[in-house]
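In: Let me see the structure of the following:
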Amino acid sequence: MQTTLCDAAKRLARAEEAESILRTCVHCGFCNATCPTYQLLGDELDGPRGRIYLIKQVLEGHPASRKTQLHLDRCLSCRNCETTCPSGVDYHNLLDIGRAIVEQTVPRPPLQRALRSGLRQLAARPTTFSHLVQLGRGLNAVLPAALKAKLPRSPLTGSPRPPLRHARQVLMLEGCVQPGLSPNTNAAAARVLDHLGISVVTIAAAGCCGAVDYHLDAQHAGLERARRLIDAWWPAIDAGVEAIVQTASGCGAFINDYAKLLYHDPDYALKARRVSELAKDLVQVISAEPLERLVCHSDQVLAFHCPCTLQHALKLGGAVESVLKRLGFTLNMVPDSHLCCGSAGTYSLTQPALAQQLRDNKLDALESGHPDLIVSANIGCQAHLDGAGRTPVRHWIELVDEALAKTPSVT
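Out: Here you go, the predicted model:
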């Protein structure tokens, strides 16, 4: 796509990157065929091709408007279009660039600013978030239905983790909302890894990965969180941990981008690259191990929801399904498994109407084979789908952990 950046755009830190991405796009429209918001709304500007054109206009000097901002806001950042694109357009990075420019010139209404700021503050305080979840569950009987749907249905039991006892060690990102919404997930992951001879090192100072800030109009704050997380992890990396494991693919996708996002930072570029190299989704670590050491027996029929960040960002579509089948679980086929569930980080809170439509469509597909349980690999998707009050939704590693608890491992 021919592009002529205006003088102001040429001074942007990521100007060359933006121009290169724009020139990669041939405007073919294949992306619209798999874009969830285009399928729902049928508006060219609510598909990747239209959004690319809006960003191009802004970079060429045309004024941005609230309408421009709305169409960019409606994007789920699911990256389905990147999987579909025959030209390899780096859409999500162009979207980040475009959103940052529009944010500087188009003021948001006060309620939007307050919501986004509140979500960023909560992500930075996982303990506060956990206390609010517990409070909400205590007041469950008097809460309005919309708020009640945001609370987990399953018991919030914190399970013990194995001691640090193996020579092979990994770090694990604890997450910002997962400890409050699904506290057993990381403990279950630590126990399964322990079965495989891998210990999880806990770093108390490690916090949020920065994704929530970065995608809610505070890119500088998001990158600062990334730097702080790198600092917290670095002594353990120096000591030789073999991987940084994420049990939430949304966090994993962002950490995977650290190398690119901090490429021009003289103090953090090399460290960020090392962190991105070490970053692994949990399924990558487990699938590389001898799974015969995990003897699992379960009569439950599962449907797996593959998060967009797992299949389109990390390119691990089918990986969890493969592991679960190798371990003896029965999985249903899920139609239209490439489509987003509508969670998309904080999207279910900032765009609730669209998110609910996408969730209901996704649940119809997941439930088409009448599973006993739905499992996923990302806390946002898990909470969003489970909030409908239909088939229970859990993290896949919890099912593996429970099956292992019933059957001793083979040594």
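In: distance of the residue nearest to Tyr268 when sequence neighbours are not counted from Asn93?
Out: Nearest non-adjacent residue to Tyr268, counting by C-beta to C-beta, 6 or more residues apart in numbering: Leu262, 4.7 Å away. Placement of C-beta: from N, CA and C, glycine included. According to C-beta to C-beta, to the nearest Å, Leu262 stands 13 Å off from Asn93.
In: Am I right that Val200 sits in a strand?
Out: Yes. Assessed with DSSP: H, G, I helix; E, B strand; the rest coil, Val200 lies in a strand.
In: quick one on the thing from earlier: neighbour count for Leu262 and Asn93, which is higher?
Out: Leu262 (22 against 18; other C-beta atoms under 10 Å).
In: mean confidence score for stretch 282-290?
Out: Averaging pLDDT along stretch 282-290 yields 96.
In: Ok, stretch 58-76 next?
Out: The model assigns stretch 58-76 a mean pLDDT of 96.
In: Show me which positions of that stretch end up buried.
Out: Under the neighbour-count criterion of 16 or more other C-beta atoms under 10 Å, stretch 58-76 has 58-59, 64, 68-69, 71-76 buried.
In: just to revisit the earlier point, so the residue nearest to Tyr268 touches Arg274, yeah?
Out: No. Using C-beta atoms under 8 Å, Leu262 is not in contact with Arg274, being 11.0 Å away.
In: Strands of the protein, start to end?
Out: Secondary structure of the chain (DSSP state E): strands at 168-172, 198-201, 244-246, 279-281, 301-304, 330-331, 373-376, 393-395.
In: Quick check, Ile203 in contact with Trp233.
Out: Yes. Shown here, Ile203 and Trp233 form a contact pair, counting by C-beta under 8 Å, at 6.1 Å.
In: so what's in contact with these two at the same time?
Out: Common contacts of Ile203 and Trp233, defined by C-beta atoms under 8 Å, 6 or more residues apart in numbering, comprise Leu171.
In: Looking at those two, which one has more neighbours?
Out: Applying other C-beta under 10 Å to Ile203 and Trp233 shows that Trp233 carries more neighbours, namely 22 against 17.
In: Quick check: that one vs Val201, distance?
Out: Here Trp233 is placed at a distance of 9 Å from Val201 (C-beta to C-beta).
In: For these two, list the residues in contact with both.
Out: Leu171.
In: Can you read off the pLDDT for the spatially most central residue of the chain?
Out: Taking C-alpha atoms, centre = their mean as the criterion, Gly250 is the residue nearest the geometric centre of the chain, at 1.4 Å. Gly250 is assigned 96 on the pLDDT scale.
In: Quick check: it touching Gly380?
Out: Yes. The pair Gly250 / Gly380 is scored as a contact, 5.6 Å apart, by C-beta under 8 Å.
In: Show me whatever sits in contact with both of those two.
Out: 307, 345.
In: remind me, longest helix of this protein?
Out: The residue-count maximum for a helix in the chain (DSSP state H) belongs to helix 219-238.
In: That one vs strand 168-172, what angle?
Out: Relative orientation of helix 219-238 with respect to strand 168-172: 170 degrees, computed using axes from the mean of the first three to the mean of the last three C-alpha atoms, to 10 degrees.
In: Show me what helix 219-238 is packed up against.
Out: strand 168-172, helix 211-215, helix 258-261, helix 269-278 (3 or more C-beta pairs under 8 Å, 6 or more residues apart in numbering; DSSP states H and E).
In: so which of the ones you listed gets nearest Leu54?
Out: Among these, the nearest to Leu54 by C-beta to C-beta is helix 211-215 (17.8 Å).
In: and Ala13, how far is that from Thr185?
Out: Applying C-beta to C-beta to Ala13 and Thr185 gives a distance of 36 Å.
In: meant to ask about Ala218, not that
Out: Distance from Ala218 to Thr185, counting by C-beta to C-beta: 26 Å.
In: Please apply the same query to Ile198.
Out: According to C-beta to C-beta, Ile198 stands 17 Å off from Thr185.
In: Touching the lowest-mean-pLDDT helix or strand in the chain from outside, list them.
Out: Every helix and strand of the chain was ranked by mean pLDDT, DSSP states H and E. The lowest is helix 145-148, at a mean of 77. Around helix 145-148, the neighbours that count as contacts under C-beta under 8 Å, 6+ apart are 136, 140.
In: any weak-confidence spans in this structure?
Out: Along the chain, the model assigns pLDDT under 70 to residues 155, 158, 407-411.
In: if we go to 90?
Out: 1-4, 6-10, 12-13, 122-160, 175-181, 202, 204-207, 217, 291-299, 404-411 (pLDDT under 90).
In: Quickly list the domain ranges of it.
Out: Domain ranges of the chain: 7-105, 287-406, per automatic domain parsing.
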